[in-house]
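>>> output the structure for:
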Amino acid sequence: MSLDISTIAVLGAGTMGRGIAQVAALSGYHTILHDPEPTVLDHAHDAIVATLDKGVARSKVQPADADAAKGNLQLSSGLDDCVAAADLVIEAVPESIELKISIFQAVDTVAPHTAIFASNTSSLSITEMAAATTRAERFAGMHFFNPVHIMRLIELVRGLETSKDTLDALMAVGRRMGKEVVTVNESPGFVTSRINVLIGNEAFRMLQEGVATAEDIDTALKLGLNHPMGPFEMADLVGLDVRLAILEHLHRTLGDLYRPSPLLVQYVRAGRLGRKVGRGVYRYDDDGNKRG
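Below you'll find the predicted structure:
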């Protein structure tokens with residue numbers, strides 16, 4: 001069984017998908033980014049090009065490397081075409097187990113039998129997804145972090161039947177992308193999500209209780225605990241709906257410690273989902289910059 005990887009298919013061209021596609025293409029992989037919506041694909045392509053160009057302008061990316069990455073990137077609105085020659089398929093669609101399983105079942109019949117499947121889920125069961133395919137031993141979690149081109153970590157998640165060869169191959173991919181890779185045995189929320197949502201949820205409780213303003217809570221954690229972002233800034237970046245979905249899953253699987261803050265629930269019901277819609281805890285302009 002060959003686990004050599006040269007072509008990576010990324011399923012889902014949202015924030016995470018396009019970020020994963022960017023680092024894959026920049027690392028020299030032939031990268032095929034899929035989304036069923038052509039307008040989403042076009043937006044993702046423009047965002048990737050803009051980020052690469054910004055990296056060149058800031059001397060973070062060599063011009064030749066940026067040009068090579070743009071050449072390595074291919075767009076596809078057809079799922080079958082996207083995965084037909086892939087060595088690695090990375091799924092980055094919304095955090096719904098039903099949606100993820102349906103996508104993996106669809107690509108399982110089309111992708112090469114040697115291809116590895118990986119999910120970018122931040123909390124859902126790798127074993128459950130893998131069991132819906134014919135390649136449980138070639139299935140693992142690859143949890144990237146937003147923004148993908150900046151954040152250095154990948155959580156590599158081992159499902160019940162994930163093989164050592166699969167983990168070794170994905171470890172090599174992560175390192176080639178310039179990431180630090182930690183290996184985690186499957187558990188709800190893995191390591192980072194399990195801890196991070198507790199911090200964010202407690203911040204919402206304090207905001208609801210009037211302990212401090214959102215700005216002061218964010219500042220306290222950045223300056224007092226050396227966090228690069230405050231919990232509300234992070235929640236707005238990730239998406240309050242995404243954060244709520246993770247909390248609801250962990251509440252079901254791990255118990256009352258993860259019960260979502262009523263204020264977080266209220267914000268999501270009001271449509272205050274974060275940067276992507278221009279308002280979450282804070283307000284944002286069209287470029288995603290926080291407004292006063």
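
>>> ok, residue 26 - contacts?
52, 61, 65-66, 68-69, 72, 149, 177 (Cβ atoms under 8 Å, 6 or more residues apart in numbering). All C-beta spots, glycine's among them, are computed from the backbone N, C-alpha and C.

>>> whoops, I mixed them up, residue 19
Counted by Cβ under 8 Å, 6+ apart, residue 19 has contacts 144, 146-149.

>>> let me see the ranges of the helices in this protein.
Secondary structure of the chain (DSSP state H): helices at 15-26, 38-57, 63-72, 79-83, 97-108, 126-131, 164-176, 192-209, 214-224, 231-238, 240-254, 262-269.

>>> dump those helices to CSV, plus distance to residue 153 and mean pLDDT.
Converted to CSV, the helices of the chain look like this (distance: least, Cβ to Cβ, whole Å; pLDDT from 0 to 100):
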stretch, distance to residue 153, mean pLDDT
helix 15-26, 12, 97
helix 38-57, 19, 96
helix 63-72, 21, 98
helix 79-83, 26, 94
helix 97-108, 21, 97
helix 126-131, 17, 97
helix 164-176, 9, 97
helix 192-209, 7, 95
helix 214-224, 19, 97
helix 231-238, 14, 94
helix 240-254, 17, 93
helix 262-269, 24, 98
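
>>> out of these, nearest to residue 283?
helix 231-238 (9.7 Å; Cβ to Cβ).

>>> what is that closest one packed up against?
Using 3 or more Cβ pairs under 8 Å, 6 or more residues apart in numbering; DSSP states H and E, the elements in contact with helix 231-238 are helix 192-209, helix 214-224.

>>> tell me the pLDDT at residue 147?
For residue 147, the pLDDT comes out at 89.

>>> check residue 1 too.
So, for residue 1, pLDDT stands at 45.

>>> would JSON lines of the helices of the chain with distance to residue 6 be doable?
Formatted as JSON lines, the helices of the chain follow (distance: least, Cβ to Cβ, whole Å):
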{"stretch": "helix 15-26", "distance to residue 6": "11"}
{"stretch": "helix 38-57", "distance to residue 6": "20"}
{"stretch": "helix 63-72", "distance to residue 6": "10"}
{"stretch": "helix 79-83", "distance to residue 6": "14"}
{"stretch": "helix 97-108", "distance to residue 6": "18"}
{"stretch": "helix 126-131", "distance to residue 6": "23"}
{"stretch": "helix 164-176", "distance to residue 6": "11"}
{"stretch": "helix 192-209", "distance to residue 6": "29"}
{"stretch": "helix 214-224", "distance to residue 6": "41"}
{"stretch": "helix 231-238", "distance to residue 6": "31"}
{"stretch": "helix 240-254", "distance to residue 6": "31"}
{"stretch": "helix 262-269", "distance to residue 6": "41"}
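
>>> tell me the most buried of these?
Highest mean neighbour count of the helices of the chain: helix 15-26, a mean of 26 (counted as mean count of other Cβ atoms under 10 Å).

>>> that one to helix 231-238, inter-axis angle?
Between helix 15-26 and helix 231-238, the angle comes out at 70 degrees (axes from the mean of the first three to the mean of the last three Cα atoms, to 10 degrees).

>>> wait, what's in contact with residue 133?
Residue 133 touches 104-105, 108, 117, 139, counting by Cβ under 8 Å, 6+ apart.

>>> swap in 6 Å and give it another go.
The contact partners of residue 133, by Cβ atoms under 6 Å, 6 or more residues apart in numbering, come to 104, 108.
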